[in-house]
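# Below are the sequence and a predicted model; questions follow.
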Amino acid sequence: MGIVSLLGVVLLLGILCAESKYMVYNTSSGIDAGKINVHLVPHTHGDVGWLKTVDQYYVGSNNSIQGACVQNVLDSILPALLADKNRKFIYVEQAFFQRWWRDQSELIQSIVKKLVSSGQLEFINGGMCMHDEAVTHYIDMIDQTTLGQRFIKEEFGVTPRIGWQIDPFGHSAVQAYLLGAEVGFDSFFFGRIDYQDRIKRKKEKSLEVIWRGSKSLGSSAQIFAGAFPQNYEPPRGFYFEVNDDSPIVQDDIDLFDYNVQDRVNDFVAAAIAQANVTRTNHIMWTMGTDFKYQYALTWFRNMDKLIHYVNKVGFELYSTPSIYTDAKYAMSKSWPLKTDDYFPYADRANAYWTGYFTSRPALKRYVRTMSGYHLAARQLEFFKGRSDSGPNTDSLADALAIAQHHDAVTGTEKQHVANDYAKRLSIGYAEAEKVVASSLACLADSNSFIGCGDSTTNFQQCPLLNITYCPASETDLSDGKKLIVVVYNSLGWKREDVIRFPVVNEDVIVHDSEGRKIESQLVPTVDAYVDLRNYYVRAYLGSNPNAVPKYWLAFTVSVLPLGFSTYIISTSQRTGAGSTKSAIYKFQRDERSAVEVGEGNLKLTFAVPQANLINYINSRNLVKESVEQSFSFYIGYNGSLDKEPQNSGAYIFRPNGTYLIKPEQASLTVIQGPLIHEVHQQINPWIFQTTRLYKEKEHVEVEFIVGPVPIDDGFGKEVVTQITTSLDNSKTFYTDSNGRDFIKRIRDFRTDWDLEVNQPFAGNYYPINLGIYIQDSEKEFSVLVDRSIGGSSIVDGQIELMLHRRLLLDDSRGVAEALNETVCVRDDCRGLAVQGKYYYRIDPLGEGAKWRRSFGQQIYSPLLLAFAEEDGDNWMSSHIPTFSGIDDSYTLPDNIAVITLQELDDGKTLLRLAHLFEIGENSVLSVVTSVELKKLFPGKKIAKVTEVSLSANQEREEMEKKRLVWKVEGSSGENPKVVRGGPLDPKKLVVELAPMEIRTFFIEFDHTSFKRKFDA
Ligand SMILES: [Zn+2]
């Protein structure tokens, strides 16, 4: 067909040459069913920070690093599009576009609006950035997409149709079904899949598939997904930036180097090559790459000519991914089915992009912490009422959005850019902190009415609590002062949990709001934590911290759903009446054979001679297991002298040997008290570990401090911990997709092709955001994490987590820096130490999901602490000590979470409810569940509820009507019945959610009936 006829005509081109005069190029081509249609998609790829910061890329500063200026791109696109109505351009990253939009005159804005409505300029993807898909949490992905897409809707009235994730390093199931189908995209395109997978897919013409990312939502959330045959750049020889070296199309016969025939031949050859690996006669050429079109006319001038000349023989057109998608859809073909995801990604043998799952673990933790805080701060902003002028949560939202970029939270940016992301988060936090403080003050102030006028309480929070630094709680109470602690719970369930913070007094006593004494425990602050505090407070705040408090005060709090409780800390009148001081025991190697810890159902027995051997016994469910817990490091591969150099670096994990870290000291320190038992182990001079058990909990909490990782031997190191059990998981393990669906992984195996194993460690690593688990016929062993991290099950029975990476070489993927993070106090620079937690638990088979899901939410949304000093009056009698934002009689079902409760700038309320379980995951909780909206908003009258798309830029019904119905090849095309919640009854206002469903609503209240709950 097309290919043959196209070839035939190429030979005749000699007679089609142009004359040297003013030329009108015919660019008005449409689709021709009988020929190969080459869709030229002019695009630019704007990294929202990478080698330069987002602002540097926008204004075009720091060009010695990279000649890139997004302002130039957007400025030059306009005249180029206006010059010919057939020309088209797509734009993706709203963080850049919004910066530019704010700078434009009304005239330019109106011109841009016309270009958008005519389809010449099309927004695709539409989030603030092109987020990463491995190390991002689904709530952050949703938030950043919503932020960008709602701006597009408000300014232009359009909804992006296409997912465009061309550069992220592998692709997630959650991206396909949640951030794809549930956002209302018609298709989704990307550039990076495993090189072995790509070879096979090209052979089978299966680069384009129907992707069903969710077991639970199946065909109801499937999407047409296309991997590019090579990358997101043009075919070789068709780069037309001013300084590119591809031959331009020279068609002036009076000048030398006339080359129309050569260029057309090149074009046809490249088109045929691509057509040979693609189904249907439509192929897409991505005409652009990173920061291109700074002088857009060079691209369009050459594409105009190519379209003009090639159209005489074949077929090409200015296109967009939307036009391409419609053309594919119109062919009414069946497509191969794809399930699970595209991780891990290797671009060639020995180049697995699995190092970035862990790179910059401190930044990753900061992003995750801010994400959970953002969710809570928005709730509190909603309760108080949003202020457009005063402090609000917008700048934190913006900073978080940018941090999801595929060179931000990934850790693959230059150091100064990583610092820029952290700075933005810190500025955003500082403003959100004010929102939280004033909202809590308002809600606690019994005299305040609507609008929260003049509450005087100045609540302090402690963002550096992780390094044992909390000036607000370190106040001296010995002169009779009292410390008020307000504890906010952003989950929709009542929660009992142990909180802890540093205190300076020893004889403290804790009372709840009813005046009851609460059992509490003083846990000593040991050297490893003191060192962290002293160094990092100086590094972060530039000042010396006060004397180190000797204790952490820990006690159990009970907090209502979306609510707070208040506790009072004071010094006790008589010694012994207050907190229980922990007992401390230190065991040497030969002193005794074993030591048992645990006050509740779960007990651990540590073997003293080899402290990494632990006997795990849960007396409630009778689970017993022997656990071995150890640390190792991989040496980062140095390939500088190899023929095909490939070092381990920020992106790539390429180990050169594994080394077990043998504990240098065999001693164990045991801390015991009524609430918490801890076992402290100094593993070596740069690894400290605390194993913690809570009386009321049935999981193990492990807190690690790793670093500074030594490099004086000249080797980069990647530090891992291994937790080994006797479970026979026969190579199989499960890791989450962006904190949501769990995906089955099999060691040294891929579902889609016969894997050639070159990297038995790196090639089996997967991203973990929520957790990882293994199981056998009796038990399941789950590990949950506090940030995104890389991990695997490299040998049966074992789970491995990579905790920290410090490397000395660059891995040749562009960043041109070694991942060697340091922290400096003046001239004293040290390798970064990382502190973090993971949690593990062993359950009878089939019972692990309940803990993974509900405790997983608690990790994401820790209790928020705010401190104040009692100001004379009796606090409890002059304030509202407990609060719940929802009806007193109500709690959300165990399988549902509120993932967004936000007052938007137009006064509407945005509510997102998420079912937390997959089908079949739990016999009781993997079912359709209802939420009563009326009970979520006591004291307010709901006037209108509108269900919208996940990104809140169109009505759900409208989105479903437009949805393309794609056909799937073979028997897999039969759609098994999918369960979804039914439509919302506008009177009853009860929302049904099926497993893994997320539903998004605009809620409008009748403000005449507005009443605060406690005034009612
Ligand atoms: Zn990129």
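Received, thanks. Quick caveat: nothing in here was measured; it's all calculated off a predicted structure.

# quick one, what contacts the residue positioned nearest the centre of the chain?
In the chain, the centroid-proximal residue (CA atoms, centre = their mean) is Thr136; its distance is 1.4 Å. Neighbouring residues of Thr136 by CB atoms under 8 Å, 6 or more residues apart in numbering: 404, 409, 738, 769, 788. (C-beta placed from N, C-alpha, C; glycine too.)

# would you turn the residues you listed into TSV with neighbour count and distance to Thr556?
Shown next, in TSV, are the contacts of Thr136 (neighbours: other CB atoms under 10 Å; distance: CB to CB, whole Å):
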residue	neighbour count	distance to Thr556
Gln404	28	35
Val409	32	33
Asn738	28	32
Asn769	28	28
Ser788	28	30
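
# Tell me how far stretch 257-269 lies from the chain's centre.
Distance of stretch 257-269 from the chain centroid (CA atoms, centre = their mean, to the nearest Å) equals 45 Å.

# And for stretch 173-189?
16 Å.

# residues contacting the residue of the chain found nearest the ion?
Residue nearest to the ion within the chain: Asp167 (3.5 Å; CB to the ion). The contact partners of Asp167, by CB under 8 Å, 6+ apart, come to 45, 47, 130, 191-192, 232, 406.

# Roughly how far does the residue nearest to the centre of the chain sit from Ile635?
29 Å (CB to CB, to the nearest Å).

# Check Asp407 too.
Distance, Asp407 to Ile635, using CB to CB: 26 Å.

# Help me confirm that Phe704 comes into contact with Gln689.
Yes - in this structure Phe704 lies within contact range of Gln689 using CB atoms under 8 Å: 5.2 Å.

# how about the strands in the stretch 351-500 of the chain?
Secondary structure of the stretch 351-500 of the chain (DSSP state E, counting those that start in this stretch): strands at 483-489, 495-503.

# List the buried residues for the longest one?
Using 16 or more other CB atoms under 10 Å as the burial criterion, the residues of strand 495-503 that qualify are 495, 497-503.

# Repeat that for stretch 796-815.
Buried-residue list, stretch 796-815, by 16+ other CB under 10 Å: 796-811, 813-815.

# same check, this time on stretch 953-969
In stretch 953-969, counting by 16+ other CB under 10 Å, buried: 953-954, 956, 959, 966, 968.

# Report the contact partners of Asp388.
Asp905.

# show me the contacts for Arg365.
Neighbour list for Arg365: 786-787, 834, 836 [criterion: CB under 8 Å, 6+ apart].

# Now which of those residues would you call buried?
Neighbour counting with 16+ other CB under 10 Å marks 786-787, 834, 836 as buried within these.

# Among those residues, which lie within strands?
834, 836 (DSSP state E).

# Pick out the most distant pair among the buried ones among the contacts of Arg365.
Asp786 and Val834 (11.0 Å; CB to CB).

# Give me the pLDDT for the closest residue to Arg813 other than its chain neighbours.
Counting by CB to CB, 6 or more residues apart in numbering, Arg813 lies nearest to Tyr651, which is 4.7 Å off, once chain neighbours are set aside. Looking at Tyr651, its pLDDT reads 98.

# next one: the one 5 residues further on
Among the per-residue scores, Asn656 holds a pLDDT of 96.

# average pLDDT for stretch 495-509?
Throughout stretch 495-509, pLDDT has a mean value of 95.

# first vs last residue of it, how far apart are they?
Separation of the first and last residues of stretch 495-509 by CA to CA, to the nearest Å is 22 Å.

# how far out from the middle of the chain is it?
32 Å.

# still on that earlier bit, could you dump the strands of the stretch 351-500 of the chain to a markdown table with distance to Asn615?
Compiled in a markdown table, the strands of the stretch 351-500 of the chain are given as follows (distance: least, CB to CB, whole Å):
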| stretch | distance to Asn615 |
| --- | --- |
| strand 483-489 | 34 |
| strand 495-503 | 24 |
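
# For these, could you give me CSV that also reports distance to the ion?
Conversion of the strands of the stretch 351-500 of the chain to CSV gives the following (distance: least, CB to the ion, whole Å):
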stretch, distance to the ion
strand 483-489, 37
strand 495-503, 40
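
# Direction included, what does the strand or helix carrying Gln629 pair against?
Element membership for Gln629, per DSSP states H and E: strand 623-636. Partner strands and pairing direction for strand 623-636 (DSSP bridges) are strand 613-618 (antiparallel), strand 655-661 (antiparallel), strand 717-724 (antiparallel).

# TSV for those strands, including distance to Ile253 and mean neighbour count?
Converted to TSV, those look like this (distance: least, CB to CB, whole Å; neighbours: other CB atoms under 10 Å):
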stretch	distance to Ile253	mean neighbour count
strand 613-618	83	18
strand 655-661	59	13
strand 717-724	61	23
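
# Could I get those in JSON lines, plus columns for distance to Asp512?
Below are those laid out as JSON lines (distance: least, CB to CB, whole Å):
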{"stretch": "strand 613-618", "distance to Asp512": "29"}
{"stretch": "strand 655-661", "distance to Asp512": "44"}
{"stretch": "strand 717-724", "distance to Asp512": "37"}
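
# Quick one: the ones you listed as a markdown table, columns for distance to the ion too.
Below are the strands paired with strand 623-636 laid out as a markdown table (distance: least, CB to the ion, whole Å):
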| stretch | distance to the ion |
| --- | --- |
| strand 613-618 | 43 |
| strand 655-661 | 26 |
| strand 717-724 | 24 |
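
# that older thread, can you flag which of the contacts of Asp167 belong to helices?
If you go by DSSP state H, the contacts of Asp167 have nothing in helices.

# filter those down to the ones near the ion?
Residues of these in contact with the ion (CB under 5 Å from the ion): Asp47.

# Give me the buried subset of the contacts of Asp167.
Among those, those scoring as buried are 45, 47, 130, 191-192, 232, 406 (criterion: 16+ other CB under 10 Å).

# residues contacting Thr358?
Thr358 makes contact with 364, 411, 718, 789-790, 802-805, according to CB under 8 Å, 6+ apart.

# Among those residues, which lie within helices?
Lys364.

# taking the buried residues of stretch 953-969 one by one, which sit in helices?
Filtering these for helices - DSSP H - leaves 956, 959.

# follow-up on the earlier one: would you say the residue of the chain closest to the ion is within a helix?
No - per DSSP: H, G, I helix; E, B strand; the rest coil, Asp167 lies outside any helix segment and is coil.

# So in terms of bridging, what pairs with the spatially closest residue to Gly848 that is not a sequence neighbour?
Distance criterion CB to CB, 6+ apart; nearest residue to Gly848, sequence neighbours excluded, is Glu780 at 4.1 Å. When assigned by DSSP bridges, Glu780 has beta-bridge partners Gln775, Asp843.

# unless I'm mixing things up, Glu780 is touching Arg841, no?
No - using CB under 8 Å, Glu780 is not in contact with Arg841; the gap is 9.0 Å.

# what do the two both touch?
With CB under 8 Å, 6+ apart, Glu780 and Arg841 have common neighbours Gly848.

# Go ahead and confirm Met370 touches Glu431.
No - if you go by CB under 8 Å, Met370 and Glu431 don't touch, sitting 12.0 Å apart.

# residues shared between the contacts of these two?
Leu396.

# more neighbours, the two?
More crowded of Met370 and Glu431, by other CB atoms under 10 Å: Met370, with 24 against 17.

# Since that was my last question, I'll sign off now.
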